[in-house]
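Student: Predicted structure and sequence below. I'll ask about it afterward.
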Amino acid sequence: AADHARGDFLLTRGLVLAAADLSTGRVNANAIDKDMSPVQRKPDHAALLRDGAAHADPKAFFETLMPQGVQYPALKKALVEWREKARTVRYTTVPPVTGLLKPGAVDERIAVIRTRLAETEPDVPAPGPQGANFYDDQLVAAVKRYQEQHNLSVDGVIGGKTVFSLNIPIEERVQQVVANLDRRRWAPEIPGDRFVMINAADYSMYFFDEGKVAYRSKVIVGTPKDQTPEISSTLVTFQTNPYWTVPSSIAGEEYLPILRRDPHALQKSNMRIFADWSSDTELDPASVDWSSVNPKAFPYRIRQEPGAGNALGYIFFGFQNKYGIYMHDTSSRFLFGEGSRNFSHGCIRLQNPFDFVEAAFKSSAMKARVAGVANAGQQASFGFGQPIAIHVTYQTVFADEAGKVQFRDDVYGRDRKVSAAMKRARTLERRSS
């Protein structure tokens, strides 16, 4: 009898844990990484036990717990396909590329790249009449398709980033899909009717209004050192021609060495230095012994004035969060031409911010008004008539609008942390919010 009771307990416990994993995620996302603070659904173990017991068909019960939307089924299908590849395909390793392999090149590595692409990608052409080592137009098209799917610069030029991506093991791709399936369980795919969704791994921003995409944009996010965190918040107001107050960490790490070489260097970038963080007393930079300043306890306040060269550009969208990040325009718009756009200190740079204003207000007149104020050099604050939820995510595997599964590099290393957490033993723990 004791064995039967223990067996019943273990079976019930296993079913409840499986139901919790499927409905809210296998891991506690907020305990994995300091830059991961998503709003994750919490499992109600008692309700799962009650509802599971009420279902005559356990399979049907578990199907009701799966995330709704198009992403989860697409990733489940991708997992089946990549597991089959892991079982049947042996990758060909592409040798390192020094320099660039451009269309029309003749190189013995071209044959290796053709073989490697054909192992996991569809419609890779056989060599043409000029031989296997010739980089012909048909192979260029196949390379471009691969680059597009992995968010590389779609130019057909084969360099270090393309080769690195080609050499990622199939098993790592499988784990990447598994990690992203768990991410889909953390929160609804469509978390409301009106919201901004930023995918830091894809360098993209989508604004949904009335449940439909009303605006989309490229974004620039944080470097692997200064990562853009995963958070949810609310956009309430925005400002034109903002000041940029340089965070003390950036001031000490990046600007102090410049000031030591030339105390007046920052003035060329329209920056002013104040006595401390609460003072409006401006300092003559030549009066400071910069060699004695501690970079880890930078005592002065550096502020960049509004204007064309301001790091925040002409418009700034703040939102409450513990990381001190925000969304803004930029004076370095040329960086939007890059495939991998992780260049910021963690904030999110928006490519066409005035177009976002137009979409948010459904008004070209409002766009013109805000742009007019900004172009005139005026500082002004505006309120969104209806606050907009903003969600910053990190999805390295997802289905695009055509339903095709896309992969992005795990530049922040978070997929590996999620995968490791998924392999640990589970308990009926309480998750933090």
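Tutor: Yep, that arrived. Numbers count the residues shown, from 1 in each chain.
Student: Next, the contact list for I190, please.
Tutor: Taking Cβ atoms under 8 Å, 6 or more residues apart in numbering as the contact definition, I190 lies against 69, 208, 211. All C-beta spots, glycine's among them, are computed from the backbone N, C-alpha and C.
Student: mind listing what's buried in the helix or strand harbouring E172?
Tutor: Using DSSP states H and E, E172 maps to helix 170-186. Going by neighbour count (16 or more other Cβ atoms under 10 Å), the buried part of helix 170-186 is 170, 173-186.
Student: for that helix, packing partners?
Tutor: helix 2-24, helix 71-88, strand 397-399, helix 414-422 (3 or more Cβ pairs under 8 Å, 6 or more residues apart in numbering; DSSP states H and E).
Student: what do you get if the cut-off is 6 Å, keeping everything else the same?
Tutor: Packing partners of helix 170-186 (3 or more Cβ pairs under 6 Å, 6 or more residues apart in numbering; DSSP states H and E): helix 71-88, strand 397-399, helix 414-422.
Student: Who does the shortest one pair with, and is each partner parallel or antiparallel?
Tutor: Strand pairing for strand 397-399, using DSSP bridges, gives strand 405-407 (antiparallel).
Student: Near Q71, how many residues? Count them for me, please.
Tutor: 20 (other Cβ atoms under 10 Å).
Student: Same question for V112.
Tutor: 18.
Student: That one: what's it in contact with?
Tutor: V94 (Cβ atoms under 6 Å, 6 or more residues apart in numbering).
Student: Doesn't it lie inside a helix?
Tutor: Yes - assessed with DSSP: H, G, I helix; E, B strand; the rest coil, V112 lies in a helix.
Student: per-residue confidence at the closest residue to D409 other than its chain neighbours?
Tutor: Distances taken as Cβ to Cβ, 6 or more residues apart in numbering put S165 closest to D409, at 6.7 Å, once the chain neighbours are dropped. For S165, the pLDDT comes out at 91.
Student: what does the helix holding E172 contact?
Tutor: Residues outside helix 170-186 that contact it (Cβ under 6 Å, 6+ apart) are 24-26, 29, 38, 40, 67, 71-72, 75, 78-79, 82-83, 85-86, 396-397, 415, 418-419.
Student: mind listing what the helix or strand just after it pairs with, with the direction of each?
Tutor: For helix 170-186, the following helix or strand on the C-terminal side (DSSP H and E) is strand 194-199. Paired neighbours of strand 194-199 in the sheet (DSSP bridges): strand 204-209 (antiparallel), strand 380-393 (parallel).
Student: Give me the buried positions along the first one.
Tutor: Going by neighbour count (16+ other Cβ under 10 Å), the buried part of strand 204-209 is 204-209.
Student: quick one on the thing from earlier: please work out the average pLDDT along the helix holding E172.
Tutor: 94.
Student: How far does that helix sit from its chain's centre?
Tutor: Chain-centre distance of helix 170-186: 15 Å, with Cα atoms, centre = their mean, to the nearest Å.
Student: That helix to helix 414-422, inter-axis angle?
Tutor: 80 degrees (axes from the mean of the first three to the mean of the last three Cα atoms, to 10 degrees).
Student: Next one, pLDDT for S432 please.
Tutor: So, for S432, pLDDT stands at 46.
Student: Please shift the residue numbers so they start at 7 in all later answers.
Tutor: Sure, I'll start numbering at 7, so the last one becomes S438.
Student: Run through this structure and note the low-pLDDT ranges.
Tutor: 7-10, 431-439 (pLDDT under 70).
Student: try 80
Tutor: 7-18, 431-439 (pLDDT under 80).
Student: What are the boundaries of the strands in the stretch 207-356 of the chain?
Tutor: Secondary structure of the stretch 207-356 of the chain (DSSP state E, counting those that start in this stretch): strands at 210-215, 218-228, 237-246, 250-251, 277-280, 307-310, 321-325, 333-334, 348-350, 354-356.
Student: what's the first one in contact with?
Tutor: Read that as strand 210-215. With Cβ under 6 Å, 6+ apart, strand 210-215 has contacts from 200-204, 219-223, 225, 365.
Student: please redo it, this time with the cut-off set to 10 Å
Tutor: Strand 210-215 has contacts (Cβ atoms under 10 Å, 6 or more residues apart in numbering) with 157, 196-205, 219-225, 227, 241, 333, 347, 354, 356-357, 361-362, 365-366, 368, 392, 394-396, 398, 401, 404, 407, 414.
Student: Dump stretch 418-429 to PDB, keeping only the CA atoms.
Tutor: Only the C-alpha atoms of stretch 418-429 are listed here, as PDB (Å, rounded to 0.1, in the frame of the first residue of the first chain):
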ATOM      1  CA  TYR A 418      24.400  37.700 -25.000                       C
ATOM      2  CA  GLY A 419      24.900  34.000 -24.200                       C
ATOM      3  CA  ARG A 420      21.400  33.800 -22.600                       C
ATOM      4  CA  ASP A 421      20.200  30.800 -24.500                       C
ATOM      5  CA  ARG A 422      23.000  28.700 -23.100                       C
ATOM      6  CA  LYS A 423      22.000  29.900 -19.500                       C
ATOM      7  CA  VAL A 424      18.400  29.000 -20.200                       C
ATOM      8  CA  SER A 425      19.400  25.600 -21.500                       C
ATOM      9  CA  ALA A 426      21.600  24.900 -18.500                       C
ATOM     10  CA  ALA A 427      18.700  26.000 -16.100                       C
ATOM     11  CA  MET A 428      16.300  23.700 -17.900                       C
ATOM     12  CA  LYS A 429      18.500  20.700 -17.200                       C
END
